[in-house]
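Trainee: give me a 3D structure for the following:
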Amino acid sequence: MRVPVGSHVVDTRTGRLGIVMGHEGPYLQLRPYGGGKEWDVAPDAVRYATPAERLSAATEYANARSRGEGP
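Mentor: You can find the predicted model right below:
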């Protein structure tokens, strides 16, 4: 499955939501919503994030920023 850069996906191995930043060999490079360290995952170990999951990630990021936390 070729997932476009910028797509919001869930790593089914860990449950983490990430944004596709690129493709490196057979792997997708994901970055957490709001930034942070990228990680690699096989394309068959991701699924597209639901609108609810995307909203939850955005809310979590906004709350962390309001507390002065960040990546």
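Trainee: helices of the chain, residue ranges please.
Mentor: 51-66 (DSSP state H).
Trainee: report the contact partners of the residue lying closest to Trp39 once chain neighbours are set aside.
Mentor: Excluding the flanking residues, the one nearest Trp39 by CB to CB, 6 or more residues apart in numbering is Leu30, at 5.7 Å. In this view, the C-beta of every residue, glycine as well, is placed from N, C-alpha and C. Shown in contact with Leu30 (CB atoms under 8 Å, 6 or more residues apart in numbering): 9, 11, 16, 18-21, 38-41, 46.
Trainee: check the gap between Leu30 and Val46 for me.
Mentor: Per CB to CB, to the nearest Å, Leu30 is found 8 Å from Val46.
Trainee: check Ala52 too.
Mentor: The value you get for Ala52 to Val46, if CB to CB is used, is 17 Å.
Trainee: so those two - more neighbours on which side?
Mentor: More neighbours surround Val46 than the other of Ala52 and Val46, with 20 against 8 (other CB atoms under 10 Å).
Trainee: who's that one bridged to?
Mentor: Asp11 (DSSP bridges).
Trainee: quick check, pLDDT for it.
Mentor: At Val46, the pLDDT value in this model is 97.
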